[in-house]
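A.B. asks: predicted model and sequence below, questions to follow.
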There are 2 protein chains.
Amino acid sequence: MAQVFKTLKGFRDFFPEDCATRNYVFDVWRRVAVRYGFQEYEGPVLEPTELYKRKSGNEIVGQLFCFEDKGGRDVSMRPELTPTLARMAAAKQRDYKKPLKWFSIGQFFRYERHQKGRGREFYQFNCDILGEESVAADAELIALSIDLMREFGFTSDDFSIRLSDRNAWTDFAAESGVGEDRMTDFLQVIDKLEREKPEVTEEKLDSLGLTLESIRDFIGGGAAASDRISAIQSDLDARGMGDFVQVDLSIVRGLAYYTGAVFEVFDIGKGMRAVAGGGRYDQLVKLIGNAEMPACGFAMGDMVITDLIRETAHANEKLEASISESGLDVFVVIADEEKRTDAIRLVQELRQNGLATGFPLTPAKVGKQFQNAEQAGAKFAVVVGTEFPETTVKKLADRSEFTCEATEIAGRLLA
Amino acid sequence: MAQVFKTLKGFRDFFPEDCATRNYVFDVWRRVAVRYGFQEYEGPVLEPTELYKRKSGNEIVGQLFCFEDKGGRDVSMRPELTPTLARMAAAKQRDYKKPLKWFSIGQFFRYERHQKGRGREFYQFNCDILGEESVAADAELIALSIDLMREFGFTSDDFSIRLSDRNAWTDFAAESGVGEDRMTDFLQVIDKLEREKPEVTEEKLDSLGLTLESIRDFIGGGAAASDRISAIQSDLDARGMGDFVQVDLSIVRGLAYYTGAVFEVFDIGKGMRAVAGGGRYDQLVKLIGNAEMPACGFAMGDMVITDLIRETAHANEKLEASISESGLDVFVVIADEEKRTDAIRLVQELRQNGLATGFPLTPAKVGKQFQNAEQAGAKFAVVVGTEFPETTVKKLADRSEFTCEATEIAGRLLA
C-alpha cells in the first residue's frame, strides 16, 4: 500500500466544523474592528528574511520557516505582521490621512515546539493605530480589545486588562544608574519576574546594581508611577470600561521594540494566560521604513481564544448558537422522481431568492432524505411529490407544516 | 540610509482599498457556495512536497516554493488545494454523509514568471463534490459556477461555460488504435489544438496514427459524442441555465488527472480567458488517500476575475456600490473639547448599538473633523458641542440635519 499522507506537525486541517469555529472567531474580530472604525488590510505571507532580522535581530532566524527561493532570495514565511505593516505604512505614508486605524486577519508561521495553545501555524488578529502619538490611541485599542472579549461573551469575571508602561521602567532604571547598554537585560529580568526563582532574580538585579525589594516597591506604587497610565485609565473610565483595567507594572511584554504603554488581555477565569497583548512602538516604522510615525497596536491569536471560548460556558453557547444558525434554509425532498426536473427548477428558484437550498443529487428514499435534511441543519423541508405544483413545507424544529404552491414558497419563508 | 524593504516579486500588499475588493470577491464566493449548500473547510498552507509529486509527477517541483524545514522534512507552500482535499476526505471518509459538498477560500503559491493575471501568490475558491459518481454532481457545480458569475453581475454576454468530456476523447483515441501509453501525449495534442500551428499538430497526430481532419470531425460532432454531456445539459436546462453552456470538445484541461466531464468558465466579452475551470477526477482520492471516492470540482482564482470585474462596467458598479456601503455609520464631531468625556461615552454607546463609529482622538478644528468624517465614508456626523446633551445629527449625503438628545441618537439612526 502506498504511503498515507499526514498533516505536518503543528499544522491544522480545518474540517467543516473546525472551519465554522474559525470563521466565528474571524467574524467577531472583523465586526468589532469595523465598529471601531478600523479598516482591513493584508500583507504577503512571504517576505525577505532581512525584514524580520531588522526588527528582532539574527536570533529570530531560529524560529522561522525560512529558505532560499529559486531566485536566490532569502525569504521567510511571516512569523508576525508588524514589520510588514511598518513597511506598508511607510511606503504610502503620504496617501492616507493620519491616524491610520488598520486591522488584519491572517496566518502566521513559527518553527516552535508544538504544544497546547501554540502551533507552528496560527491565525492572528492585528489591530494598530499609526501616526498618532497621544495615549488616546492606546486607550482606543484597549477599549477595542475589551469589546472583542465582550462580543465573544466574556465578562469581567473572565478577563482583565493588565496595563503597564515600559517607559516607567526605563525611567526607573536610568534613575537607578542602569546604563543604556544594560537596559534590555534589565527589562528581561522584569519580564521573567513572575516565573523566575527569587534568588536568581536577586542575583541578576545585583549585577545591575539593584535590589528585588526596590523593584517590588516600584511595582507596588502602580499607577502612580506613570502619567501615561493615569491618562489611559481616565479615558477608559469615560467609556465605562475602567473596571476591566488593572495596573500591573510587572508586565513588560517580551518584545524589545515597545516604547510606552503595554497591555495584555489576561484570562483570570481559567488558565491565567495572556489572550492578547500589545503596546506602543514609536520607533519601528522609522527602523523598517525610514518614516517618522508613532504607532501602537495589539494582536490576538486564534488558538488561546478558541480554547478559552470552549472552556467558558456562556462564551461557548454564543459560538454554538452562531454555528447552528448557519445550516441550510431549505432541503427540497423529492418524493416522486417523475417530478425531479420540477424539483431542480424549484431548488434554483429558492437559491435565487437567497435561500441556502439542498436536494438529493440522486434518487433516495424519502426517510433518508429527511435524515439528510436534518444533518445539513435545514430549517425547512419542502416535499415535491405527485401533487406538484402543490408542495408540503415542514418546519423541522417543531414538525409543523403547511401546503402551498411551489411559486409561493420563497415568499412565505422569507416573510 | 538603511535599506528600504520591498514586497517580493509576484506578491501583493493589500492596502485597505485593495483589501475591500478582495473581501468583496470572497463574500460573493462564500455567499453563493452557502446558498448551494456547500460547507467551508480549509487545509494547511504547508504540506509535504511528496503530496504534490504524487499527483503531478516530479516536474511540479520546478514550480513550487519548496524547501527543507528545520526538522529535515521536504515541504512546499501549497500550489493548489485538491491533493489536500483528497487527503482530508480520505482520512475522515466514514465521519461524513456522502456526498460531501465542500468549498474553500485560501491562498496558493507558484514560482512562476510574474505576468498580468498571474502572480506567485493568489487566492483561489475551490468547490468540490466527493462521494457522488452521478453527473448530477457535475451539473450542480456548473450551475454554481454560473451563479457565481451572475452574482458578480456578469450576463450571458460576458461569459459562457465551455463543456467537454475527457472520456469522449479517451474512448475516441482507444477506438482509433492509440495505446494507453500514448494517451497523455494524445490529450496534450488536443489541449494545444487552438494554440499550436496546424502543421505541428498534423505531425504529432500522424505519429499517433491519426489525422487532423478526424479530430476536427469529432469536435464538430459536439454533444452527440457523449451521453454524459447530454445529461449535464438536460440538468442545466431544468435550472434555466442551458443557454450558458457551449459544448466544446477542444477543451481537455491541462491536468492529467481528469476522468470525465471537464468545463471552463470562459470570458467571451473581454479577454477570451478561462476565469475558472474544473471537472471530474474519480481516481485522485484513491491515489492520495487510498479510498474509493469519485469526485468532481472546480476552482476560480482571484486575479482574473478581479481584472474582469474591473473591465466590465455593470460588474464594476456592483463592486463599487458594495465598497461604498462599508464606511463608517457615524462620526462624532467634538465641537467643544470641554465635552470630550461625554463625546467618548457617546461613541461607546453608539458602538454598543452596533454602529461603526469614529471620532477625533485628539482636538481638531470642526471643519477638519467634517473632512475626516467624509473621508471615512461616514453616513452621519453627530456634533457634540456646548449644548450637550442636545446634539445635531447631519446626514452627510444631503446635508439634512436634526437635533436630538444624545441618548436618542442610536434609536433614531437604527430606526
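C.D. replies: Nice, I can see it.

A.B. asks: against A:R412, how distant is the residue nearest to A:P16 when sequence neighbours are not counted?
C.D. replies: Ranked by Cβ to Cβ, 6 or more residues apart in numbering or on different chains and with sequence neighbours excluded, the top spatial neighbour of A:P16 is B:Q39, at 3.9 Å. Heads up, the C-betas are built off the backbone N, CA and C, glycines and all. B:Q39 is 26 Å from A:R412, where distance means Cβ to Cβ, to the nearest Å.

A.B. asks: and what of A:T306?
C.D. replies: On the measure of Cβ to Cβ, A:T306 and A:R412 end up 38 Å apart.

A.B. asks: which of the two has more neighbours?
C.D. replies: Set A:T306 next to A:R412 and count neighbours by other Cβ atoms under 10 Å in any protein chain shown: A:T306 wins out with 19 against 12.

A.B. asks: then the helix or strand harbouring the more buried one to PDB, C-alphas only?
C.D. replies: Here A:T306 is covered by helix A:302-311, with elements defined by DSSP states H and E. Only the C-alpha atoms of helix A:302-311 are listed here, as PDB (Å, rounded to 0.1, in the frame of the first residue of the first chain):
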ATOM      1  CA  ASP A 302      -6.900  32.200  17.300                       C
ATOM      2  CA  MET A 303      -5.700  29.300  19.400                       C
ATOM      3  CA  VAL A 304      -5.800  30.600  23.000                       C
ATOM      4  CA  ILE A 305      -9.000  32.500  22.500                       C
ATOM      5  CA  THR A 306     -10.700  29.400  20.900                       C
ATOM      6  CA  ASP A 307      -9.600  27.200  23.800                       C
ATOM      7  CA  LEU A 308     -10.900  29.900  26.300                       C
ATOM      8  CA  ILE A 309     -14.300  30.100  24.400                       C
ATOM      9  CA  ARG A 310     -14.600  26.300  24.600                       C
ATOM     10  CA  GLU A 311     -13.800  26.300  28.400                       C
END
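
A.B. asks: which other helices and strands contact that helix?
C.D. replies: helix A:16-35, strand A:121-130, strand A:274-280, helix A:313-324 (3 or more Cβ pairs under 8 Å, 6 or more residues apart in numbering or on different chains; DSSP states H and E).

A.B. asks: okay if I get those as JSON lines plus distance to B:K53 and mean pLDDT?
C.D. replies: Shown next, in JSON lines, are these (distance: least, Cβ to Cβ, whole Å; pLDDT from 0 to 100):
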{"stretch": "helix A:16-35", "distance to B:K53": "27", "mean pLDDT": "97"}
{"stretch": "strand A:121-130", "distance to B:K53": "22", "mean pLDDT": "98"}
{"stretch": "strand A:274-280", "distance to B:K53": "40", "mean pLDDT": "96"}
{"stretch": "helix A:313-324", "distance to B:K53": "37", "mean pLDDT": "95"}
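
A.B. asks: turn those into JSON lines, columns for mean neighbour count and distance to A:L8.
C.D. replies: As requested, the helices and strands packed on helix A:302-311 are arranged in JSON lines below (neighbours: other Cβ atoms under 10 Å in any protein chain shown; distance: least, Cβ to Cβ, whole Å):
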{"stretch": "helix A:16-35", "mean neighbour count": "18", "distance to A:L8": "16"}
{"stretch": "strand A:121-130", "mean neighbour count": "23", "distance to A:L8": "9"}
{"stretch": "strand A:274-280", "mean neighbour count": "23", "distance to A:L8": "26"}
{"stretch": "helix A:313-324", "mean neighbour count": "14", "distance to A:L8": "27"}
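
A.B. asks: out of the ones you listed, nearest to A:E408?
C.D. replies: When the helices and strands packed on helix A:302-311 are compared by Cβ to Cβ, helix A:313-324 sits nearest A:E408, at 27.3 Å.

A.B. asks: what does the closest one contact?
C.D. replies: A:17, A:20-21, A:24, A:27, A:152-155, A:158, A:308-310, A:377 (Cβ atoms under 8 Å, 6 or more residues apart in numbering or on different chains).

A.B. asks: who does the helix or strand following it pair up with?
C.D. replies: Following helix A:313-324 in sequence order, the next helix or strand is strand A:330-334 (DSSP H and E). Applying DSSP bridges, strand A:330-334 is found paired with strand A:357-358 (parallel), strand A:380-384 (parallel).

A.B. asks: output the helices and strands packed on helix A:302-311 as a markdown table; include the columns distance to A:F266.
C.D. replies: Compiled in a markdown table, these are given as follows (distance: least, Cβ to Cβ, whole Å):
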| stretch | distance to A:F266 |
| --- | --- |
| helix A:16-35 | 18 |
| strand A:121-130 | 17 |
| strand A:274-280 | 6 |
| helix A:313-324 | 16 |
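
A.B. asks: low pLDDT regions in the stretch 251-400 of chain A?
C.D. replies: A:254-255 (pLDDT under 70).

A.B. asks: can you give me the buried ones in the helix holding A:T306?
C.D. replies: A:302-309 (16 or more other Cβ atoms under 10 Å in any protein chain shown).

A.B. asks: tell me the gap between it and the middle of its chain.
C.D. replies: Put simply, helix A:302-311 sits 10 Å off its chain's centre (Cα atoms, centre = their mean, to the nearest Å).

A.B. asks: quick one on the thing from earlier: tell me the one of the contacts of helix A:313-324 nearest B:E338?
C.D. replies: Nearest to B:E338 among the contacts of helix A:313-324, with distances taken as Cβ to Cβ, is A:T155, at 33.4 Å.

A.B. asks: what's the neighbour count on the closest one?
C.D. replies: 13.

A.B. asks: and what of A:F244?
C.D. replies: So A:F244, with other Cβ under 10 Å, has 21 neighbours.

A.B. asks: what do you get for A:L163?
C.D. replies: Residues near A:L163, counting by other Cβ under 10 Å: 27.

A.B. asks: ok, A:L414 next?
C.D. replies: Neighbours around A:L414, by other Cβ under 10 Å: 11.

A.B. asks: give me the nearest residue to it, chain neighbours excluded.
C.D. replies: A:N353 (6.4 Å).

A.B. asks: that neighbour contacts A:E408, doesn't it?
C.D. replies: No: taking Cβ atoms under 8 Å as the definition, A:N353 is not a contact partner of A:E408, at 11.6 Å.
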